[in-house]
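J.: Kindly return the folded structure for what I paste below:
(chains A, B, C, D, E and F)
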6 protein chains.
Amino acid sequence: MNSFSLGKLTCLLAMLHNDSWGKEVEDELKTRGYRYTIGKVGSMDIVKVVAAIETAAKSKHIIDEGHYREAHALYHATIEAIQGIGRGTIQFGEILRTVGLTFAIVRGTVDRPGHDGEWISVCVFGSIGAPKKGFEHDTLGFGYNHI
Amino acid sequence: MNSFSLGKLTCLLAMLHNDSWGKEVEDELKTRGYRYTIGKVGSMDIVKVVAAIETAAKSKHIIDEGHYREAHALYHATIEAIQGIGRGTIQFGEILRTVGLTFAIVRGTVDRPGHDGEWISVCVFGSIGAPKKGFEHDTLGFGYNHI
Amino acid sequence: MNSFSLGKLTCLLAMLHNDSWGKEVEDELKTRGYRYTIGKVGSMDIVKVVAAIETAAKSKHIIDEGHYREAHALYHATIEAIQGIGRGTIQFGEILRTVGLTFAIVRGTVDRPGHDGEWISVCVFGSIGAPKKGFEHDTLGFGYNHI
Amino acid sequence: MNSFSLGKLTCLLAMLHNDSWGKEVEDELKTRGYRYTIGKVGSMDIVKVVAAIETAAKSKHIIDEGHYREAHALYHATIEAIQGIGRGTIQFGEILRTVGLTFAIVRGTVDRPGHDGEWISVCVFGSIGAPKKGFEHDTLGFGYNHI
Amino acid sequence: MNSFSLGKLTCLLAMLHNDSWGKEVEDELKTRGYRYTIGKVGSMDIVKVVAAIETAAKSKHIIDEGHYREAHALYHATIEAIQGIGRGTIQFGEILRTVGLTFAIVRGTVDRPGHDGEWISVCVFGSIGAPKKGFEHDTLGFGYNHI
Amino acid sequence: MNSFSLGKLTCLLAMLHNDSWGKEVEDELKTRGYRYTIGKVGSMDIVKVVAAIETAAKSKHIIDEGHYREAHALYHATIEAIQGIGRGTIQFGEILRTVGLTFAIVRGTVDRPGHDGEWISVCVFGSIGAPKKGFEHDTLGFGYNHI
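T.: Next up is the predicted model:
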């Protein structure tokens, strides 16, 4: 697992954190000194998803809320991830669909030539569907940015 | 792992198939009687990505190539996955970026009320970036459809 | 008219149902054993358009509301049709425009090699424009899916 | 039919011009003094579709090719129509799909308060699908502009 | 400055109207007999931006509100400008961002072969960012249409 | 002019560099110690526009080509600017339009609370239109990112 990229670890964290494998993912993140957090949000309002990710990132000190550039980096990674969830349009309730999502945010360095500085990735995994119990299917989105 | 959804297994397959965990993912897919395949494609042309996924799905009998509805279901799941890769626009070389991707396709039933029939999901994971070695970062896309 | 495709009949139904030609269109639909319905919806909220189409499809038994795959098929056909209405963005009131629409939904088989199973098409025809009487023009959208 | 809007006549012309009803549509267009034309184009290249519509409009004198504003009005109506065909992305061959289309262009006045001047509408109807014979389904797009 | 295009003057007006250069821009606009106006709007709701531009255009007689074609021309130029602001999606508050904008609208003739008639351009300049004081950066959008 | 934001200076540079005002803009950029460059590109291929901006930024040392994060920051600012040019779709020749553009790239610090570090902005100004001499109009796009 020590060969896994920052982005892959982020996605595995979002999908496996409740599973035995999730423990290993977290151990690897800690070994690397990465900052990370996991959260959940369910809504028909995209704004609540964006806000939940930002709030978690700030409260868990993944980003420093006094630095606009950090908030800016996270914001674009978040919107990219939501584009994967929306597949073509960034709308949930406006077009009668709702989401139940788990998100993972990971920030750290990348050990590759030219990749100096820090990077942030966001993975959102869960379900999207009609506002009717069970009428939903899996969905996943991923964003990545320099920070 | 027997509680994992079809989509989650597809994503884990795309990301872990070369890892020890990948063996467990494949075992679970086989236990459920799911059809699945894994492939790789690297290109600046999106059409090659779409074609690689379709070709793999046909040659590995994930879909029956004589049935248009199966090709139609796969096609839309594929485009959805590529939307996650592209994040806002479905273009690679046209805007000077290239991708190196591993894709997984899984087809099978879903054991939930109302989810009768079969479903297909496509996960594409890899790197996207400039046509310059190492100037690339992780990317992931996911699509899902009834078949 | 017996050579007309399922999609063409859907569009003619949406545009001509109040006209003498509409009677012939409906006769052809009945002859083929197609399920179909017609409805109207006017709003600045897209969600009301999506909901009106879904509700009509369920109440007129075009789809079986207990099967998620049928709702999923209709949903994507509906969103496709609304994309034609919106032309570039799926937004009405958010960008200060309103719609007055007639929709037709048709479900049935297609007598072509490889086109086994059933298909569903949605045509939405009407006006789009400013929220000021008469400041509007024609608009049309069309979606199609396997079901 | 004398109550039909300019846009509705355009769509009926695209769909029915080979049918007995098409004769009546053309008669109505002539009665109103509308300029119109019909054409066909099949391609994986969107640019060929745009060019075919523009060329037909010029050669049939629907627009005056010496006036940029007329070409500009037609261009935007054409792109709108192609957005309906593409449903979410204006790409054909780039994402492995091809189209076989009939287009109708109609230009004329609209007899409603406030609708002074001339308007142009474009309807494109036909099939979209995989580059494999028969693996295609109906598609329709519509655009409208002041000219 | 007499060689500046209508669009360039519109952008300079939006950016410089409070500056000494702005006086020269306005003088040039007046010399040409162009109709123009400047306004401000800040909101998380796109609809308020669209409405502010339309209202200013009507009240300052840039367009004649009794003619739908003029409102239609302005509307599309406005949406184009907002697309530049939004960069990829026409959403502000829905995705947790807010704008503070100055807009300029200019209408007039263009002294180039083939460019007969009048044209309208809209430039929107200001800031976009998080709903937190100072967490925002510059943004600019531009639209242009025949009228 | 010393109150002008980084983005405003970038846009003025793109529009005025051949004018007497342009000299003042450049003086202000130099006073602030900003890195900047101006270039021109005309094409039906978007990839040539993206490449021209990247090449100019590297050769003029606006970005350090050995650092992927700098190329990444510029890339996203460039694509944002091109979205303003394209207004709804990032396509030029594919939909039968061509561009003749002047671009300006500016990099530097922003003297506002929370805006620590450096920022980069890209403004693209010029014409877009049919591949026919004179059948074109003004266009402008703007992007901004942390670097």
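
J.: dump the residue contacts of the residue in chain A that chain E sits nearest to.
T.: Nearest residue of chain A to chain E: A:Val50, at 4.3 Å (C-beta to the nearest C-beta). For every residue, glycine as well, the C-beta is placed using N, CA and C. When contacts are counted by C-beta atoms under 8 Å, 6 or more residues apart in numbering or on different chains, A:Val50 touches A:75, A:78-79, A:82, E:95-96.

J.: if we go to 7 Å?
T.: Each residue near A:Val50 by C-beta atoms under 7 Å, 6 or more residues apart in numbering or on different chains is listed here: A:78, E:95-96.

J.: what's the closest non-adjacent residue to it?
T.: Counting by C-beta to C-beta, 6 or more residues apart in numbering or on different chains, A:Val50 lies nearest to E:Leu96, which is 4.3 Å off, once chain neighbours are set aside.

J.: From C:Lys58, how far out is that neighbour?
T.: 34 Å (C-beta to C-beta, to the nearest Å).

J.: Confirm the residue of chain A closest to chain E sits in a helix?
T.: Yes: assigned with DSSP: H, G, I helix; E, B strand; the rest coil, A:Val50 falls within a helix.

J.: Look at it and report its pLDDT.
T.: With respect to pLDDT, A:Val50 has a value of 98.

J.: now A:Ser59
T.: 98.

J.: And for A:Met1?
T.: pLDDT, A:Met1: 82.

J.: Just read off the phi/psi values of the closest residue to it other than its chain neighbours.
T.: Counting by C-beta to C-beta, 6+ apart, the nearest residue to A:Met1 once its immediate chain neighbours are dropped is A:Glu28, at 4.9 Å. In this entry, A:Glu28 is assigned phi and psi values of phi -60, psi -40 (degrees, to the nearest 10).

J.: was I right about A:Glu28 contacting A:Leu9?
T.: Yes: here A:Glu28 reaches A:Leu9: they are 6.3 Å apart, a contact under C-beta atoms under 7 Å.

J.: quick one: A:Lys60 and A:Val106, what's the gap?
T.: Distance from A:Lys60 to A:Val106, by C-beta to C-beta: 11 Å.

J.: out of the two, which sits in the busier spot?
T.: Legend: neighbour count by other C-beta atoms under 10 Å in any protein chain shown for A:Lys60 and A:Val106, higher for A:Val106 (27 against 14).

J.: Report whether the helix ranked longest in chain A contacts chain E.
T.: Longest helix in chain A, counting residues (DSSP state H): helix A:68-86. Yes: residues of helix A:68-86 contacting chain E under C-beta under 7 Å from any C-beta of the partner chain: A:68, A:71, A:79.

J.: Please list all residues in contact with the second one.
T.: Contact partners of A:Ala71, counting by C-beta under 7 Å, 6+ apart, are A:63, A:65, E:130, E:135.

J.: Tell me, how many residues neighbour the first one?
T.: The criterion is other C-beta under 10 Å. On that basis, A:Ile63 has 23 neighbouring residues.

J.: circling back to that earlier point, give me the neighbour count for the residue nearest to A:Val50.
T.: 22.

J.: Would you confirm that it contacts A:Ala51?
T.: Yes: look at E:Leu96 against A:Ala51 with C-beta under 7 Å: they come within range, at 5.8 Å.

J.: List the contacts of the residue nearest to A:Gly114 when sequence neighbours are not counted.
T.: Spatial nearest neighbour of A:Gly114, excluding adjacent residues (C-beta to C-beta, 6+ apart): F:Tyr68 at 4.3 Å. When contacts are counted by C-beta under 7 Å, 6+ apart, F:Tyr68 touches A:114-115, B:134-135.

J.: From A:Arg69, how far off is the closest residue to A:Thr109 other than its chain neighbours?
T.: Take A:Thr109 and drop its neighbours on the chain: the residue closest to it by C-beta to C-beta, 6+ apart is A:Glu118, 5.7 Å away. As judged by C-beta to C-beta, A:Glu118 and A:Arg69 stand 11 Å apart.

J.: Up against chain F, what does chain A have?
T.: Counting by C-beta under 7 Å from any C-beta, chain A sits next to chain F at A:66-69, A:72-73, A:114-117, A:146.

J.: Can you select the buried ones among those residues for me in ChimeraX?
T.: The following ChimeraX line selects those of the residues of chain A next to chain F that are buried, judged by 16 or more other C-beta atoms under 10 Å in any protein chain shown:
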select /A:67,68,69,72,73,114,115,146
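
J.: Could you find which two of the residues of chain A next to chain F are furthest from each other?
T.: A:Gly66 and A:Gly114 (28.6 Å; C-beta to C-beta).

J.: A:Glu28 and A:Leu9 - which one has more neighbours?
T.: Neighbour count, other C-beta under 10 Å: between A:Glu28 and A:Leu9, A:Leu9 has more, with 25 against 16.

J.: Surely the more buried one touches A:Asp27?
T.: No: judged on C-beta under 7 Å, A:Leu9 makes no contact with A:Asp27 at a distance of 10.7 Å.

J.: ok so, going back, got a list of what the residue nearest to A:Met1 touches?
T.: A:1-2, A:4, A:9.

J.: out of the residues you listed, which is most surrounded?
T.: Ranking the contacts of A:Glu28 using other C-beta under 10 Å puts A:Leu9 first, with 25 neighbours.

J.: residue of chain A with the smallest distance to chain D?
T.: A:Gly88 (4.5 Å).

J.: Verify the assumption that that residue is located in a helix.
T.: No: going by three-state DSSP, the assignment for A:Gly88 is coil, not a helix.

J.: The closest residue to it other than its chain neighbours: neighbouring residues, count only.
T.: Leaving aside its sequence neighbours, A:Gly88 sits nearest to D:Gly88 (C-beta to C-beta, 6+ apart; 4.5 Å). Neighbour count of D:Gly88, defined by other C-beta under 10 Å: 18.

J.: Repeat that for A:Asp45.
T.: Around A:Asp45 there are 15 other residues, counting by other C-beta under 10 Å.

J.: which SSE is A:Ser3 in?
T.: Of the helices and strands defined by DSSP states H and E, none includes A:Ser3.

J.: Give me the contact list for stretch A:139-147.
T.: A:7, A:11, A:70, A:73, A:76-85, A:99, A:107, A:117-128, B:11, B:84, B:87, B:137-140, B:142, F:69, F:72-73.

J.: before we move on, what SS does the closest residue to A:Lys48 other than its chain neighbours have?
T.: Leaving out its chain neighbours, the residue that sits closest to A:Lys48 by C-beta to C-beta, 6+ apart is A:Val41, at 6.2 Å. Under three-state DSSP, the three-state class of A:Val41 is strand.

J.: Quick one, grab the pLDDT at A:Val41.
T.: pLDDT, read off for A:Val41, is 98.

J.: so how far is chain B from A:Ser59?
T.: Computed as C-beta to the nearest C-beta, to the nearest Å, the A:Ser59 to chain B distance reads 25 Å.

J.: Contact partners for that residue?
T.: Taking C-beta under 7 Å, 6+ apart, one finds nothing in contact with A:Ser59.

J.: So the residue of chain A at minimum distance from chain C versus C:Thr55, what's the distance?
T.: Nearest residue of chain A to chain C, counting by C-beta to the nearest C-beta: A:Leu96, 4.3 Å away. Taking C-beta to C-beta as the measure, A:Leu96 falls 11 Å from C:Thr55.

J.: A:Tyr144 bridge partners, please.
T.: A:Ser121 (DSSP bridges).

J.: Since that was my last question, I'll sign off now.
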